[in-house]
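Chemist: Sharing a sequence plus its predicted fold:
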Amino acid sequence: MAAQDIQRNRISRMHDGLAFVVAVLVPLTSLPLASNRATWWLLWTAVLAAIALIYVFRFGVVDLAYRVRALDHKVLVGFTMVLPLWALVQTVPVVGMLPTGWLLAAPEAGKMGGATLSVQPQVAVSGVLRFAGYILLACLVLEVASRRDRVLRVAQIVYAGICLQAVWAVVALKVLDDFSFWGVKVAYLGSATGTFVNRNSLATFLGFGLVLGLGIVAERARRNSIRATRRDTVIGRLGYGDLIVLIGMVFLMIGLIYTQSRLGLVSSLCGAGVTLMLVRAQSGVAAGRVLVEMVVVGLAAIVAVALVAAGQGVAERMLFLGNEAVNRLAIYQQTLGMIEMRPWTGYGMDAFGAAFEAFRGPPLLAPVTYDLAHNSYLMLWAEFGVVFGSVPILALIAVAILLWRRMRSEDGFSGMAAAGLGALVLGAVHSLGDFSLEIPANVYVLMCILGLGLGHQSQRRGKAKRTFEPAERASDAPAPLPIKRRSGT
């Protein structure tokens with residue numbers, strides 16, 4: 001075997017090892033309170049940084065000219081890093097350098113903060129490290145997402161972890177009398193929370209599992225179609241492995257209903273519906289038929305959920321939606337007031353709770369702390385300002401465009417790309433009315449799905465492998481016939 005082949009095999013084995021480590025780590029982040037404590041997210045960032053350093057060093061030892069795949073998206077990664085850099089600027093005493101009138105405050109609260117833009121500069125660094133962990137994970141997933149079989153292994157391990165979370169959530173609720181590892185529950189009694197604290201955040205986590213499951217089935221079907229001797233529909237290419245994935249989706253749906261999360265259920269169905277629609281369209285089904293199928297599936301899902309949820313609290317919570325909407329709208333209105341006072345600078349990363357108290361008023365008089373805006377868009381604009389707070393939104397729009405292109409390209413993983421788009425829809429819808437994408441465990445899963453969707457079959461590293469169409473497979477192709485040339489032509 002040539003030295004170059006040995007080198008490629010070593011790098012491939014290292015990618016396989018890295019893929020397994022990352023795949024196991026992602027669902028593990030959901031165990032300790034969804035990692036929504038600084039201790040846990042700092043630990044995961046440290047672990048991810050250590051993994052990245054070890055593998056970059058090992059790749060360099062094997063091949064000094066090795067180029068990490070995250071550099072393929074260096075502009076996008078660099079643009080995304082603008083947000084944590086701005087968060088650090090907010091902790092620096094620069095208030096005296098700003099134009100007069102940039103730092104207004106609620107009249108009844110007087111001037112807020114001091115020499116820094118952030119009203120809580122001491123907490124910003126941990127938030128920056130949390131954000132850096134998200135980017136690190138996305139880069140590691142991009143690094144291993146270069147072979148379809150490897151991408152499927154990562155997706156299936158993560159999917160299995162999410163399914164286990166759903167099973168545990170239902171068992172803890174129904175069998176163990178609403179048990180929680182973290183002590184006696186004082187909130188969301190009678191709702192499935194699993195290892196999370198908030199039922200809505202768990203619902204988002206399980207919803208990502210639904211979307212990922214659909215992507216796995218589609219990707220497996222595409223892989224099988226490449227190997228098969230004839231073309232067939234996605235449904236026609238389902239096997240035993242796909243059946244196991246579909247059974248897992250049933251458990252995910254049961255767990256989702258037991259969370260009693262209204263928005264979680266709606267956003268999950270939206271994300272899964274978009275994924276299914278894209279997969280069906282990609283398989284060659286006519287647009288009109290796809291639309292009809294989506295309407296039928298949507299109506300069936302609504303009826304099924306209504307029948308099952310009627311005894312599980314979701315229906316009752318739907319009826320009393322108006323009562324809770326009053327407080328939620330008040331939070332939004334008062335958050336908009338915060339943004340109006342500091343539209344360009346914001347109040348600092350993870351400083352929403354402290355800043356909101358200066359603007360809080362009726363009807364929000366209950367003795368509770370509002371440390372989240374229950375709307376991720378408003379939260380970003382309140383903490384970072386309208387300009388810098390829009391960076392993650394614009395970055396995810398760019399990712400959606402890339403996923404669309406990957407889904408339509410020959411070397412992309414179309415099933416995973418469709419799952420990525422579905423996950424973005426799920427997150428975008430849920431972020432309109434809650435804070436699930438501010439929970440680390442959910443963001444880790446989202447980054448993993450997006451990284452897998454952005455991956456593509458590598459041709460530049462190692463010897464390019466020719467992909468045969470079904471009629472061109474080496475085992476089926478007839479031997480070439482000798483060509484007789486005519487003289488004078």
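Modeler: Yes, it's here. Numbering: from 1, shown residues only.
Chemist: in the stretch 101-250 of the chain, what spans have low per-residue confidence?
Modeler: Scanning the stretch 101-250 of the chain with the threshold set as pLDDT under 70 gives 101-113, 225-238.
Chemist: Tell me where it has strands.
Modeler: In order along the chain, the stretch 101-250 of the chain carries no strands (DSSP state E, counting those that start in this stretch).
Chemist: Which residues are in contact with the nearest residue to Ala155 once chain neighbours are set aside?
Modeler: The spatial neighbour of Ala155 that comes closest, neighbours along the chain excluded (CB to CB, 6 or more residues apart in numbering), is Ile216 at 5.2 Å. Yep, even glycine has a C-beta here, placed from its N, CA and C like the rest. Counting by CB atoms under 8 Å, 6 or more residues apart in numbering, Ile216 touches Leu152, Ala155, Gln156, Tyr159, Asp242, Val245, Gly415, Ala419.
Chemist: For Ile331, list the residues it contacts.
Modeler: Here Ile331 is in contact with Leu364, Tyr370, Ala373, His374, Asn375 (CB under 8 Å, 6+ apart).
Chemist: and the residue nearest the centre of the chain, how far is that from Ala419?
Modeler: Centroid-nearest residue in the chain, with CA atoms, centre = their mean: Leu446, separated by 1.2 Å. Look at Leu446 and Ala419: by CB to CB, to the nearest Å, they are 11 Å apart.
Chemist: Now name the helix or strand holding the residue nearest to the centre of the chain.
Modeler: helix 440-454 (DSSP states H and E).
Chemist: and that helix, what does it pack onto?
Modeler: helix 3-28, helix 38-62, helix 121-144, helix 148-170, helix 199-227, helix 391-408, helix 414-430 (3 or more CB pairs under 8 Å, 6 or more residues apart in numbering; DSSP states H and E).
Chemist: 6 Å instead, please
Modeler: For helix 440-454, the contact count by 3 or more CB pairs under 6 Å, 6 or more residues apart in numbering; DSSP states H and E identifies helix 121-144, helix 148-170, helix 199-227, helix 391-408, helix 414-430 as packing neighbours.
Chemist: how about those helices in JSON lines, adding distance to Leu263?
Modeler: As requested, these are arranged in JSON lines below (distance: least, CB to CB, whole Å):
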{"stretch": "helix 121-144", "distance to Leu263": "22"}
{"stretch": "helix 148-170", "distance to Leu263": "17"}
{"stretch": "helix 199-227", "distance to Leu263": "6"}
{"stretch": "helix 391-408", "distance to Leu263": "19"}
{"stretch": "helix 414-430", "distance to Leu263": "6"}
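Chemist: By neighbour count, which of the contacts of Ile216 wins?
Modeler: Using other CB atoms under 10 Å as the neighbour test, the contacts of Ile216 are led by Ala419, with 35 neighbours.
Chemist: Please name the nearest non-neighbouring residue to it.
Modeler: In space, Ala419 is closest to Gly215, 2.7 Å off (CB to CB, 6+ apart).
Chemist: now the stretch 251-400 of the chain, which segments are flagged as low pLDDT?
Modeler: With pLDDT under 70 as the threshold, the stretch 251-400 of the chain has low-confidence stretches at 300-324.
Chemist: do you know how far Ser458 is from Gln165?
Modeler: The span separating Ser458 from Gln165 equals 32 Å under the rule CB to CB.
Chemist: So which of these two has more stuff around it?
Modeler: Summary of the neighbour comparison: Ser458 and Gln165, criterion other CB under 10 Å, with Gln165 having more neighbours (26 against 16).
Chemist: list the contacts for the more buried one?
Modeler: Remark: with contacts taken as CB atoms under 6 Å, 6 or more residues apart in numbering, Gln165 is in contact with Ser30, Gly194.
Chemist: Can you report how many residues lie near Leu243?
Modeler: By other CB under 10 Å, the residues close to Leu243 number 11.
Chemist: Kindly report the same for Val445.
Modeler: Burial measure for Val445: 27 neighbouring residues, criterion other CB under 10 Å.
Chemist: what's it in contact with, if anything?
Modeler: Residues Phe208 are the ones in contact with Val445 under the rule CB under 6 Å, 6+ apart.
Chemist: any idea how far Ala3 is from the residue nearest to Ala419?
Modeler: In this structure, Gly215 lies at 38 Å from Ala3, with CB to CB as the measure.
Chemist: Neighbour count: the two, which is higher?
Modeler: Comparing Gly215 with Ala3 by neighbour count (other CB under 10 Å), the higher total belongs to Gly215, at 32 against 7.
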